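Peer 1: here is my input; please provide its structure:
(2 chains)
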Amino acid sequence: MRAIVNAQILTVADGTIDSGTVLVDDRGKIAAVGAQVEVPAGAEMIDAEGLTLTPGLVDAFSRLGLINEGLGWAGNDAEETTDPNTAHVRALDGIYPFDRGIAEARSGGVTTVQVVPGSGNVLAGEALAIKLRRAVAADDLVLRRPTGIVASLGEEPKATHGGEKRMPATRMGIAAVLREALVKAQEYRPEKGRDLRCEALLPVLRGELPLLVHAHRADDIVTALRIGREFSIRITLLGATEGFLVADVIAESGVAVAAGPSLAARDRQETRAVGFHLPLALHRQGVPTAIVSGHPELPEAYLNIAAALAVREGFTPEEALRAVTLTPAEILGVADRVGAITTGRDADLVLWDGDPLELTTRVAWTMVEGRIVYQDGHGGVGCVDAPLGPAQNRLSTHPGKEVGC
Amino acid sequence: MAKLAITGATIYPISSPPMAGATLLVDEGKILAVGRVEVPSDARVIDARGLHLLPGFVDPHTHVGLWGEGDGLPAYDGNEWTANTTAQVRALDAINPFHVSFEDARSAGVTTVQTLPGSGNPIGGEMVVVKTRGRTVDEMVLRQPSGLKGALGENPKRLHGQNHKRMPASRMGVAAVIRQYLARAREYDPAKGRDLGLELARRVLDREVPLRLHAHRADDIMTAIRIAREFAIDLSIEHCTEGWMVADALAEAGYPVTVGPMLGGRSKVETANMTFRNPGILEKAGVHVSLMTDHPFVPIAHHRIQGALAVREGMSEAGALRAMTLNPAETLGVADRVGSLEPGKDADFVLWSDHPFRAKSRVVATYIEGRVVYGSEL
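Peer 2: The predicted model follows:
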């Protein structure tokens, strides 16, 4: 048993405790939370006086582990660009647990991430939710798999495939490729020969998994909702840069949005309107809205900075923190496990040396399932001596350079 | 234009320590006085109590107005990739003053930028320093040319060697192309026929303007220094991503460095060792450090966030502010005009709702030469 005592606790689900205790049991679960919690004899005590405890941050939209930091082409496995329909590929098979981005994400207080392939294919493959445990195999990171099948509308499939002189070269073509794939899956008969592309779409057609649709322009968003209605399938929107123009339509449809990244360059026509007015507009319409990194567009480790800028735009601090914890956990279907500090949830916790929504606040430590996976001064953002992986090993042998990790 | 007195703010002159409740006095677009000064009876007074007043930020490495972000190829003018040596091209001729990136800059308190050609060519072209407000680029110019852009490392290899099957295809080739160009410039005789590219090189050799070399990896940084020494020219090191690994050597060499962009992924192998600790380590080593966004690679609207994160990872707050104001002004050769709040300098300043490194801080108003260019007059 571990007891974190004297912390300001932002539980997300049950308000703020000015000075309280969190008990973590030996299974890595939260055993108790409160201002008046009796600490069992023999519990290991962590004094968090003057520090702030939050749930581990949850990112609903990321390529973490798929696009490896600093490895260039060799380390980029986010897009199987060879066919517009690759619904059968799995993000799990592309995640590199030694990627420095994962170690740095822990240093930014992120503990759960939806890893999403794409976005050059109309159907890009299977997404999953991972925990940032210290592990050497991607299988040991899995929290929930799959969390959805990924689709993309708009500029990127046009550029990826139209540019190669094959369908789709237009938004009309994209919608047609998507409809054809769904119809084919509806008529799929495995006895006539297995087709993994079709099989991947079956849980979507059955309503068990959402189709996670990258859509930025307002008309692409509306197309996603239209196709969702046609096939009676669940949709979750990714990106949705122009969603503020059709926020009421999105709200009426009942879909959730992994909105952004909003701290990002306007690198395409369809993302010219990028900004934190998007999550604010959606949130105000009652749309379940997650603030996301889109890693590596915004590196995963700076998810709290995105939430901080949402506060500047008009979120309350409580709303902004929820948008990077409990709301994305609900969107990913893992809110029974993560997203808040409540009894019975996983002990995924972050201790901050100040306001987690301030630019200069540091993470003191990050815990996943009761284990400290990052401690300030031992790896982390900008830490060139991070503990895992070949690239890091190469760095740590650099002669005579004390960088204080 | 009447005299303008901004009173009551916390003023950060940069060249001297911050002062609470101080006054900035402006006349004819220039700073008349800063500090505990008497407000003249004919001055228009702006009550800025509770606000923070800083010089406009100077971003020394951007593609503001040049990159066409979001507008696609028709608006992209970043790299004249048709040859590996294009010193005859000028960023000045491709800057669109109406591009939204200038509004981004003003809204984020950036009043001076250096805009430069991309890093695809070993010798890329002429750079220019502009104020971030105007209808014609000519009226925005603060210094032109402000340097010659060159690039080491991956980008020229990929663009020329890999994509176009011509030199350079290796780091050896990149250095050779730059040396060949500078060596030809030494022998350049306009009487035998003018060469616009070599004319700029002559100004580099005469140390009128520096060579500004894109260098991420430590060995590229040292190659930049080697070439600068060989030709006895002025140099600034752009990006300097692995500078922390050779901080002592950089301090000894004495060339200014411009660090960034850092708030983004490490998309290239040469950026593998990017870290927000870099500016702090270089500061401690005694290197002259400036921070850049490389807009659009980090949106210029988030310049202050990079400064705050550099502080979080070890740079002093005063050092980070200096690296966004006076240091880049010095590197760009425009410190007589901008970069600090001192009598005689341009009245380029920004009123912030809080210290710019606080998350919720907003620009209340941005001034260039005494006129509001963003926000509203109080």
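Peer 1: tell me which element whatever residue of the stretch 1-150 of chain B ends up closest to chain A is part of?
Peer 2: Proximity of the stretch 1-150 of chain B to chain A (Cβ to the nearest Cβ) peaks at residue B:70, 3.9 Å away. In this view, the C-beta of every residue, glycine as well, is placed from N, C-alpha and C. Using DSSP states H and E, residue B:70 sits in no helix or strand.
Peer 1: give the contact list for it.
Peer 2: With contact set as Cβ atoms under 8 Å, 6 or more residues apart in numbering or on different chains, residue B:70 has these partners: A:266-269, A:271-272.
Peer 1: swap in residue A:14?
Peer 2: Residues in contact with residue A:14 (Cβ under 8 Å, 6+ apart) are A:33, A:340-342.
Peer 1: who wins for most neighbours among those?
Peer 2: residue A:341 (26 neighbours; other Cβ atoms under 10 Å in any protein chain shown).
Peer 1: so how far is residue B:92 from the nearest residue to that residue once chain neighbours are set aside?
Peer 2: Distances taken as Cβ to Cβ, 6 or more residues apart in numbering or on different chains place residue A:11 nearest to residue A:341, at 4.3 Å, with adjacent residues excluded. From residue A:11 across to residue B:92, the span is 56 Å (Cβ to Cβ, to the nearest Å).
Peer 1: count of neighbours near the residue in the stretch 101-250 of chain B that chain A sits nearest to?
Peer 2: In the stretch 101-250 of chain B, the residue found nearest to chain A is residue B:245; the distance is 6.0 Å by Cβ to the nearest Cβ. Applying other Cβ under 10 Å, we find 23 residues neighbouring residue B:245.
Peer 1: which residue is the nearest non-sequential neighbour of it?
Peer 2: residue B:218 (4.7 Å).
Peer 1: give me the neighbour count for the one you found.
Peer 2: Neighbours of residue B:218 using other Cβ under 10 Å come to 21.
Peer 1: how about residue B:122?
Peer 2: Applying other Cβ under 10 Å, we find 30 residues neighbouring residue B:122.
Peer 1: check what pLDDT the nearest residue to it once chain neighbours are set aside gets.
Peer 2: Spatial nearest neighbour of residue B:122, chain neighbours left out: residue B:177 (4.1 Å); criterion: Cβ to Cβ, 6+ apart. Note for residue B:177: predicted pLDDT of 98.
Peer 1: residue B:2 too?
Peer 2: pLDDT, residue B:2: 85.
Peer 1: so it touches residue B:45, yeah?
Peer 2: No: the criterion here is Cβ atoms under 8 Å, and residue B:2 misses it with residue B:45 at 10.4 Å.
Peer 1: can you list the domains in the chain?
Peer 2: Just so you know, I chose chain A. Domain ranges of chain A: A:2-54+A:349-396, A:56-332, per automatic domain parsing.
Peer 1: correction: the question concerned chain B.
Peer 2: Taken from automatic domain parsing, chain B resolves into B:4-53+B:343-375, B:57-332.
Peer 1: so for the contacts of residue B:70, which is the shakiest by pLDDT?
Peer 2: residue A:267 (87).
Peer 1: for it, grab the count of nearby residues.
Peer 2: Residue A:267: 16 neighbours (other Cβ under 10 Å).
Peer 1: not counting sequence-adjacent ones, nearest residue to it?
Peer 2: Nearest to residue A:267 is residue B:69, by Cβ to Cβ, 6+ apart, at 6.3 Å.
Peer 1: per-residue confidence for the one you found?
Peer 2: 88.
Peer 1: ditto for residue A:55
Peer 2: Residue-level pLDDT assigned to residue A:55 equals 98.
Peer 1: now it. Its backbone dihedrals?
Peer 2: phi -60, psi 160 (degrees, to the nearest 10).
Peer 1: which residue, other than its chain neighbours, is closest to it?
Peer 2: residue A:325 (4.7 Å).
Peer 1: I'd guessed the one you found sits against residue A:12; true?
Peer 2: Yes: between residue A:325 and residue A:12 there is a contact under Cβ under 8 Å: 5.0 Å.
Peer 1: neighbour count: these two, which is higher?
Peer 2: Neighbour comparison, residue A:325 and residue A:12: the larger count goes to residue A:325, with 33 against 21 (by other Cβ under 10 Å).
Peer 1: could you tell me how far that one is located from residue A:171?
Peer 2: The gap separating residue A:325 from residue A:171 is 35 Å, by Cβ to Cβ.
Peer 1: how about residue A:159?
Peer 2: Distance from residue A:159 to residue A:171, by Cβ to Cβ: 12 Å.
Peer 1: by contact count, what packs against the longest strand seen in chain A?
Peer 2: Longest strand in chain A by number of residues (criterion: DSSP state E): strand A:142-152. Judged by 3 or more Cβ pairs under 8 Å, 6 or more residues apart in numbering or on different chains; DSSP states H and E, strand A:142-152 is in contact with strand A:123-131, helix A:196-205, strand A:211-215.
Peer 1: now with 6 Å, please.
Peer 2: strand A:123-131, strand A:211-215 (3 or more Cβ pairs under 6 Å, 6 or more residues apart in numbering or on different chains; DSSP states H and E).
Peer 1: the longest one to strand A:211-215, inter-axis angle?
Peer 2: In other words, strand A:123-131. 110 degrees (axes from the mean of the first three to the mean of the last three Cα atoms, to 10 degrees).
Peer 1: my read: residue A:59 touches residue A:293, true?
Peer 2: Yes: using Cβ atoms under 6 Å, residue A:59 is in contact with residue A:293, at 5.3 Å.
Peer 1: need the overlap of contacts for these two.
Peer 2: residue A:303 (Cβ atoms under 6 Å, 6 or more residues apart in numbering or on different chains).
Peer 1: ok, now which ones touch residue B:71?
Peer 2: Contacts for residue B:71 (Cβ under 6 Å, 6+ apart) come out as none.
Peer 1: tell me the contacts of residue 90?
Peer 2: With no chain named, the answer covers chain A. Listed by Cβ under 6 Å, 6+ apart, the contact partners of residue A:90 are residue A:126.
Peer 1: ah, no, chain B please
Peer 2: Remark: with contacts taken as Cβ under 6 Å, 6+ apart, residue B:90 is in contact with residue B:126.
Peer 1: rerun that using 7 Å as the cut-off
Peer 2: B:125-126 (Cβ atoms under 7 Å, 6 or more residues apart in numbering or on different chains).
Peer 1: now do the contacts for the residue nearest to residue A:341.
Peer 2: Residues in contact with residue A:11 (Cβ under 7 Å, 6+ apart) are A:17, A:33, A:340-342.
Peer 1: how about 10 Å then?
Peer 2: Counting by Cβ atoms under 10 Å, 6 or more residues apart in numbering or on different chains, residue A:11 makes contact with A:17, A:20, A:22, A:30, A:33-34, A:53-55, A:325-326, A:340-342, A:345.
Peer 1: now do residue B:255
Peer 2: Here residue B:255 is in contact with B:210, B:213, B:221, B:224-225, B:228-229, B:234-237, B:240, B:287-288, B:331 (Cβ under 10 Å, 6+ apart).
Peer 1: with residue B:87 instead?
Peer 2: B:117, B:121, B:123-126, B:145, B:148-150, B:181, B:185, B:195-201, B:204.
Peer 1: let's see 8 Å
Peer 2: B:123-126, B:148, B:181, B:196-198, B:200-201.
Peer 1: closest one to residue A:111 out of those, please.
Peer 2: Closest approach between the contacts of residue B:87 and residue A:111, by Cβ to Cβ: residue B:124, at 43.2 Å.
Peer 1: just the strands in the stretch 201-350 of chain A please.
Peer 2: With strands called from DSSP state E, counting those that start in this stretch, the stretch 201-350 of chain A shows them at A:211-215, A:235-239, A:256-259, A:289-291, A:349-352.
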